[in-house]
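> Give the three-dimensional model of this entry:
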Amino acid sequence: MSFFIVFLLLTKKNKAVTDKILAVWVAVMGIHLLGYYYNIIGYWEKYPHFIGVTAPVPLFHGPLLYLYCLYALRDERKIRRVDYLHFIPGMAAYLYMWNFFFYYTAEEKVWVDKGEINDFSTFSILLLVAILTSGLAYTILAFRLTMQHKLKIKQSFSYSEGISLQWLRNCIFGIGLVFLAAIIVFLSRGWLNISFTFDPELIFYAILIIFIFYIGYFGIRHEHIFVGNGLHDKQQKKKIAPEIKYKNSGMNEAMVHWIYQKLLSCMEEEKPYLSPKLTLAELAARLNVSVNQLSQVINQQAGVNFHDFVNSYRIDAFLKSAKENKNYSLLALALDAGFNSKSSFNYIFKKQKGFTPSQYLLKKM
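Presented below is the predicted three-dimensional model:
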């Protein structure tokens, strides 16, 4: 299943570097699971030369998760060379095991695996500690990156369907709990000498299988926020010169007021919010101002981000239609107002009005 998901990711239309990273990560998880499966069915005992081949593999999970989140925030088609440094611990572990792989006999490998030869006992403990530390550290770093991604969406998009990483935040939270549980098991076995009546590793690998399905499903559906949406529209940058940075825009109060009035007129007359996938770059192009200028104006004058600003117009349009078209379903009216889905409509409406759409209409009408 892992390798089928890899195939789907690599054949995805408009795939970004994040899709390639996710494909590699799912493939690594598949190899990891395959190694564990061969171990529990006794394949390593039959073919001892495969012992330890997947031992350092878990060191690659954390870096791949982190890089996936990192490049979800970047408009780049290739991974920077410096980011390959995250894989040094895993590669170093394989280099340390070089002698074991190529110079130990099959019989010696079995003895090492059973603990009858202590050549790699210290290394095994250090490797386990490195795996647990790396996994927990990278999940924390990855979670922080997804929060930055969430902020970027709020500032530049009027929708979140297909580009939100909420699914990944949920996954990261689950991964973090798994690593915490693994640390507890490790400490319980090593320091407290507690023996379990079940195999904790079997549970961890079962959860890993669930993660593969979960990540694969949402990863295939996810759209990279820099693909085809004009978040960093090069043509727009050519038209608007010079590009003014947000923090040092140099716009005076009169200019801010002028852009804001122009924005309000556009929203009232042209109704761009009716486009379900309206972006900050598209609206800035309509107004012939820079993305940073428009973002600053909305934040300062309206006191909200772009996402909430646009959706407030959609809610007003929905309420107006609901009064005039009582025979239509709420979902139909919401879609006509520019919302992408029922779930996003309900969430945004309750966030801004404090009630669900049906509760609000009963109260007001």
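
> going forward, measure contacts between C-alpha atoms and count neighbours the same way
OK.

> And the average pLDDT for stretch 216-233 is what?
For stretch 216-233, mean pLDDT is 60.

> scratch that, stretch 123-134
When pLDDT is averaged along stretch 123-134, the result is 90.

> Make residue 1 into 42 and carry on from there
Yep, numbering from 42; the last one is stretch 164-175 now.

> Alpha carbons of that stretch, as PDB, please.
Only the C-alpha atoms of stretch 164-175 are listed here, as PDB (Å, rounded to 0.1, in the frame of the first residue of the first chain):
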ATOM      1  CA  PHE A 164      25.500   1.500  19.700                       C
ATOM      2  CA  SER A 165      22.000   0.000  19.900                       C
ATOM      3  CA  ILE A 166      21.200   2.000  23.000                       C
ATOM      4  CA  LEU A 167      22.600   5.200  21.500                       C
ATOM      5  CA  LEU A 168      20.700   4.500  18.300                       C
ATOM      6  CA  LEU A 169      17.400   4.100  20.100                       C
ATOM      7  CA  VAL A 170      18.000   7.300  22.100                       C
ATOM      8  CA  ALA A 171      18.800   9.100  18.900                       C
ATOM      9  CA  ILE A 172      15.700   7.800  17.200                       C
ATOM     10  CA  LEU A 173      13.400   8.900  20.100                       C
ATOM     11  CA  THR A 174      15.100  12.200  20.600                       C
ATOM     12  CA  SER A 175      15.100  13.000  16.800                       C
END
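
> Which residues does that stretch contact?
P97, P99, L100, G103, A134, F220, A223, I224 (C-alpha atoms under 8 Å, 6 or more residues apart in numbering).

> which SS class is the last one?
In other words, I224. At I224 the chain is in helix, as set by DSSP: H, G, I helix; E, B strand; the rest coil.

> Check the third one too.
When classified by three-state DSSP, L100 comes out as helix.

> cool, V219 as well?
helix.

> now the helices for the stretch 142-291 of the chain?
Assigned by DSSP state H, counting those that start in this stretch, the stretch 142-291 of the chain shows helices spanning 147-155, 162-197, 207-231, 241-262, 275-280.

> Pick the most deeply packed of the ones you listed.
When those are scored by mean count of other C-alpha atoms under 10 Å, the highest mean neighbour count falls to helix 162-197 (a mean of 18).

> Might one say that T187 is in contact with C110?
Yes: T187 lies in contact with C110 (C-alpha atoms under 8 Å); the separation is 6.2 Å.

> Now S199, what are its backbone angles?
The phi/psi pair for S199 (degrees, to the nearest 10) reads phi -100, psi 0.

> Please tell me how far it sits from S353.
In this structure, S199 and S353 are 10 Å apart, going by C-alpha to C-alpha, to the nearest Å.

> quick one: low-confidence ranges for this protein?
231-233, 239, 265-291, 406 (pLDDT under 70).

> hang on, isn't L371 packed against A363?
Yes: using C-alpha under 8 Å, L371 is in contact with A363, at 7.5 Å.

> Make TSV from the helices of the stretch 142-291 of the chain and add distance to C307 to it.
Shown next, in TSV, are these (distance: least, C-alpha to C-alpha, whole Å):
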stretch	distance to C307
helix 147-155	71
helix 162-197	18
helix 207-231	32
helix 241-262	33
helix 275-280	18
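
> so what's the residue of the chain most remote from its centre closest to, chain neighbours aside?
The C-alpha centroid of the chain is most remote from E148, which lies 44.6 Å away (C-alpha atoms, centre = their mean). Excluding its sequence neighbours, the residue lying closest to E148 (C-alpha to C-alpha, 6 or more residues apart in numbering) is P89, at 7.5 Å.

> and if you look at G379?
Nearest non-adjacent residue to G379, counting by C-alpha to C-alpha, 6+ apart: L315, 4.1 Å away.

> Report the contact partners of that neighbour.
L315 sits in contact with R355, D377, A378, G379, F380, where contact means C-alpha under 8 Å, 6+ apart.
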